[in-house]
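quick one, what's the 3D model for this:
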Amino acid sequence: MEKSHLHWKSEHPSIFISLFLLLGIGIGNLFTIPKEPLYIGLILSIGILILINPSRLSSFIKSLLSKFCLVYWGYCLLQLKADQPNYFIDLVENYIQPIRNQIIDKINVFIPNFEHNQFAQALLIGEKTHLDSTTIEAYTALGIMHIIAISGMHLDMIGRYLLKLTQWWPKHSWLSAIELIFLFSAVCMYTLIAHASPSIVRACIFFCMFQLGSYFHLHKYLMNSIASGLLIILLCSHQTIYHIGWQLSYAAVIGIHLVYPSIQTSIAIQNPFIQAIWNNFSITLATQITTLPLLLFYFNTLSTGIILSNMIMIPLSN
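Next up is the predicted model:
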């Protein structure tokens, strides 16, 4: 039986909340009002949400008021957080940068060759300041910059290896909680060490939410998890949504979860070797379909060898 709109909406609340907050942020880019009325409006909107639930208003009016409040909160997110200091910069400078420096020192010891050294720094911790410009241009032209730019692919690999590391742990509730804390700490620490770029922050949030859902044995609605990550980013740092890397990262993830299954199952293949090639091609094509509008909008160009280069390089990088 096909699920109704209300049923689907109840399973994916983060999608609708994020969309209305984004609408409010979009409106906030069009005009501004003084902050004092905004605070009064926030108090009134909270009061409205508290009062409408027990009221006898129709469900349509309640829904309309709730959506209006979400749009208004999105507007306030943009206006009230514009001048707030960024405490994350102080955290990185005081605590994370010394750890990065130690990692760089270790890389310098074990990889003395300058070109190989700079490539390793870019690949491991996202340090690309001394990377050869020719290499960057070549990777960009081939559409495989994400191989050396720290992204969700790196975090996914780290997460999978960490999960393998904890597979031998006894399955007790308190050990499972320690395992969860260990995974969260390791993934979040690596995210900070890798400069916490928008794409890896998105992957970190998604990984943590997915593992948290597994720990509490909750249903895994992938699109709701993706939207929940968007919601967290909107609440913490709404400026991130304007970052090209973040937009491409989300577009790629949406392509993997929405477009890839249709492409992958469109052809039935029995041979495991050909099936692996087809899976790789399908996931590459899916991400290209959803990221194509952004690539054309920002760069006005598209490499014809992207699909082939990704089919070759992604398995090798893994």
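
so which elements touch the helix or strand hosting M153?
Following DSSP states H and E, one finds M153 within helix 152-165. In this structure, helix 152-165 makes packing contacts with helix 173-193, helix 198-215, helix 244-254, judged by 3 or more CB pairs under 8 Å, 6 or more residues apart in numbering; DSSP states H and E. For the C-beta atoms, the positions are set from N, CA and C on the backbone; glycine is no exception.

the same query, at a cut-off of 6 Å, please.
Contact analysis of helix 152-165 by 3 or more CB pairs under 6 Å, 6 or more residues apart in numbering; DSSP states H and E lists helix 198-215 as its packing neighbours.

could you list the residues in contact with the helix it packs on?
Under the criterion CB atoms under 6 Å, 6 or more residues apart in numbering, residues 150-152, 155, 159, 180, 183-184, 187, 191, 194, 220, 225, 228-229, 232, 240, 243, 245-246, 249 lie in contact with helix 198-215.

among those residues, which ones are buried?
Buried subset of the contacts of helix 198-215 (neighbour count, 16 or more other CB atoms under 10 Å): 150-152, 155, 159, 180, 183, 187, 191, 194, 225, 228-229, 232, 240, 243, 245-246, 249.

just the helices in the stretch 201-318 of the chain please.
Using DSSP state H, counting those that start in this stretch, the helices assigned to the stretch 201-318 of the chain run over residues 222-236, 244-254, 260-264, 272-299, 306-317.

mean pLDDT lowest for which of these?
Of all the helices of the stretch 201-318 of the chain, helix 306-317 carries the lowest average pLDDT, namely a mean of 63.

which positions within the helix holding M153 qualify as buried?
By 16+ other CB under 10 Å, the buried positions in helix 152-165 come out as G152, M153, H154, L155, I158, G159, L162.

nearest to L123, of those residues?
Minimum distance to L123 across those is 8.2 Å, recorded for H154 (CB to CB).

does T129 sit in a helix, a strand or a coil?
Assigned with DSSP: H, G, I helix; E, B strand; the rest coil, T129 falls in the coil class.

and stretch 103-120, C-alpha only, in PDB?
What follows is stretch 103-120, C-alpha atoms only, in PDB (Å, rounded to 0.1, in the frame of the first residue of the first chain):
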ATOM      1  CA  ILE A 103      50.900  15.200  11.800                       C
ATOM      2  CA  ILE A 104      52.700  17.400   9.200                       C
ATOM      3  CA  ASP A 105      56.000  16.800  11.100                       C
ATOM      4  CA  LYS A 106      55.400  13.100  10.900                       C
ATOM      5  CA  ILE A 107      54.600  13.200   7.200                       C
ATOM      6  CA  ASN A 108      57.800  15.300   6.600                       C
ATOM      7  CA  VAL A 109      59.900  12.600   8.400                       C
ATOM      8  CA  PHE A 110      58.400   9.600   6.500                       C
ATOM      9  CA  ILE A 111      57.900  11.200   3.100                       C
ATOM     10  CA  PRO A 112      60.900  13.400   2.400                       C
ATOM     11  CA  ASN A 113      60.200  13.900  -1.300                       C
ATOM     12  CA  PHE A 114      58.600  17.300  -1.700                       C
ATOM     13  CA  GLU A 115      56.000  16.500  -4.300                       C
ATOM     14  CA  HIS A 116      54.900  13.300  -2.700                       C
ATOM     15  CA  ASN A 117      54.900  15.000   0.700                       C
ATOM     16  CA  GLN A 118      52.600  17.800  -0.400                       C
ATOM     17  CA  PHE A 119      50.300  15.300  -2.100                       C
ATOM     18  CA  ALA A 120      50.200  13.200   1.100                       C
END
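
pLDDT wise, what is the nearest residue to H130 once chain neighbours are set aside at?
Closest residue to H130 apart from its sequence neighbours, by CB to CB, 6 or more residues apart in numbering: Q118 at 4.8 Å. Looking at Q118, its pLDDT reads 82.

looks like Q118 contacts T129 (just checking).
No. Using CB atoms under 6 Å, Q118 is not in contact with T129, being 8.6 Å away.

for these two, indicate the residue with more neighbours.
With neighbours defined as other CB atoms under 10 Å, Q118 and T129 compare such that Q118 has more, 19 against 7.
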